[in-house]
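Trainee: Can you look at this prediction? I've put the sequence above it.
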Amino acid sequence: MASFSTLALFTPAHVFSGFAGQSKNWHVQQFKDPGLAHFSYAILAGGKIILVDPQRDPQIYYDFAKSKLAEIVGVIETHPHADFVSAHLEIHRTTNASIYTGSLTKPAYLFSPFDEGKTIKLSDKITLKSLYTPGHAPDHIAVLLQEEGKDMAVFSGDALLIGDVGRPDLREYSKNTQAQRYKLADMMYHTIHDQFGKLADDVIVYPAHGAGSLCGKQIRDAASSTIGTEKSNNYAFQTKNKAEFIKILLGDLPFIPKYFPYDVQLNIKGAPSVGLSIEKVKRLNNNFQPEAGSLIVDGRSAAVFKKSYLNGAINIQISERFETWLGSVVAPDLTFYLVAENEQNLTQLIKKAAKIGYELNIKAVFIYNALTGTQFNVFDLSTFKPGNSQYTIIDVRTEKEAKENPIFKRAINIPLQDLSNRISELPTNKPILVHCASGYRSAAGSSIIKNLLPNQEVFDLGPSVTKYEASGATEKK
């Protein structure tokens, strides 16, 4: 199976571009953003390309079109995405491609309504047809690729995922949150059984997200599927009773990152061109000293951060999932300084922030490599006895993780994304020890606690947490 690789704006991880499928009359190219577990698509037929749910950086699509000597003529948005910012408006401004989306979205930009039953003729043999597929969002559509009238593939957005469906709690359109979630879950039942369920088993399923995305709760790790496979393996198809379906869909939902509503609104409005927006980010001299009270997002490694950091800094380490944790910990109405230890990492962090529209919230960026900053207390593991109570232990994993895999019996569970809002719940009568599952979230959590409680003695258990058993905090042999 052939593949086509293309360079993207953001990081080396984004070089991945997976071949999805083709016939002699059409070609589908899948592009993956691993950090957000996001899939986008280029549908090529007759020298023309329609993009589906593009990521923030459009250059990968321009490169693909150039390699195929094809023209980008349209962009389809299955819905206003919550977890990333789309380049649909920038692509329209650059190529004059039409933007297609459901009229219920009521976007602020010029668009072509692509509602149930409407079609786009991409070539003499290839037609794209809209399906109304609400449930994840009230305005969600899917795109059916037809070859000479035969259904070949469906671009399901966040409605039908592999082994899962899109969660119904990310778009609220009234003050009665629970009622609206129930209504969307009811819509999803009909979407699965009355729309996707009526497609032939051999129709290929191309979703907008894969395993790791917070737009679902149990997405299988695969890049594509078929309707037949999903009918056999996806709980949504197998749950025929509507009441049971709704109960399952509304149960055990993951947390909602702070930035999700912000991105929905930004996508409805249309984001500014990413390159120009990034160029506007102000760069300062190395080791700049921000004004007192400033929020600083420090993307350096935990070990480097702890040796010397600026007051007001929280440590969200550079990683594949940096953008998700940035948007989970830092609310979209806050501005912040962004710090890295070298120019390469600083540039990468800016671009990662831009994937969720947060480049607009950066006050300025600078390199920090001074050794004269505040030092974080080093935790002496040799003196730690899990059975006694010399520390207040804070578990910053999710509630589900803490319940299913308790590590320390006396730990207080406050998930990382909730820590700032729940800081008053922390006992301060003894030193605080923070842990997660691997050390990444505990680095961020301990830095948040120290930032908000500067006089409190705070320690980070870090990767040493892996030394302890899940049942009763006994050291592993």
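Mentor: Ah, there it is.
Trainee: Low-confidence regions, the stretch 201-350 of the chain specifically.
Mentor: Applying pLDDT under 70 to the stretch 201-350 of the chain flags no residue at all.
Trainee: all helices in it, in order from the N-terminus.
Mentor: Secondary structure of the stretch 201-350 of the chain (DSSP state H, counting those that start in this stretch): helices at 227-233, 235-238, 242-250, 260-269, 274-279, 302-307, 322-329, 343-355.
Trainee: And the stretch 51-200 of the chain, by the same measure?
Mentor: 59-67, 88-95, 177-190.
Trainee: Which among those is found nearest to residue 149?
Mentor: In terms of CB to CB, the element of the helices of the stretch 51-200 of the chain nearest to residue 149 is helix 177-190, at 24.8 Å. C-beta coordinates here come from the backbone N, C-alpha and C atoms, glycine included.
Trainee: Just the residues contacting that closest one, thanks.
Mentor: Applying CB atoms under 8 Å, 6 or more residues apart in numbering, the external contacts of helix 177-190 come out as 134-138, 159, 165-166, 168-169, 171-174, 236, 242, 245-246, 249-250.
Trainee: again with stretch 443-460
Mentor: 298, 302, 305-306, 309, 311-317, 325, 329, 376-377, 379, 391, 394, 396, 416, 419-420, 423, 426, 428, 431-436, 439, 442, 462.
Trainee: before we move on, the earlier item: any chance of a ChimeraX selection covering the buried ones in the contacts of helix 177-190?
Mentor: Here is the ChimeraX command that picks out the buried ones among these, judged by 16 or more other CB atoms under 10 Å:
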select :134,135,136,137,138,159,165,166,168,169,171,172,236,245,246,249,250
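Trainee: Show me how the record splits the chain into domains.
Mentor: Following automatic domain parsing, one gets these domains for the chain: 12-263, 273-367, 381-467.
Trainee: Go ahead and confirm residue 145 touches residue 131.
Mentor: No: counting by CB atoms under 8 Å, residue 145 does not reach residue 131; the two are 11.3 Å apart.
Trainee: Show me whatever sits in contact with both of those two.
Mentor: Contacts common to residue 145 and residue 131, judged by CB under 8 Å, 6+ apart, are residue 154.
Trainee: of these two, who's got more company?
Mentor: Between residue 145 and residue 131, counted using other CB atoms under 10 Å, residue 145 has the larger neighbour count: 26 against 23.
Trainee: residues touching that one, list them.
Mentor: 26, 28, 43, 126, 127, 128, 151, 152, 153, 154, 155.
Trainee: ok, now with 6 Å
Mentor: Contact analysis of residue 145 by CB atoms under 6 Å, 6 or more residues apart in numbering lists 152, 153.
Trainee: now the one 10 residues further on
Mentor: Listed by CB under 6 Å, 6+ apart, the contact partners of residue 155 are 41, 52, 143, 206.
Trainee: returning to what we had before: among the helices of the stretch 201-350 of the chain, which is the most enclosed?
Mentor: Of all these, helix 322-329 has the most neighbours on average by mean count of other CB atoms under 10 Å, namely a mean of 24.
Trainee: I'd like to check the angle between that one and helix 343-355, please.
Mentor: Angle, helix 322-329 to helix 343-355, by axes from the mean of the first three to the mean of the last three CA atoms, to 10 degrees: 60 degrees.
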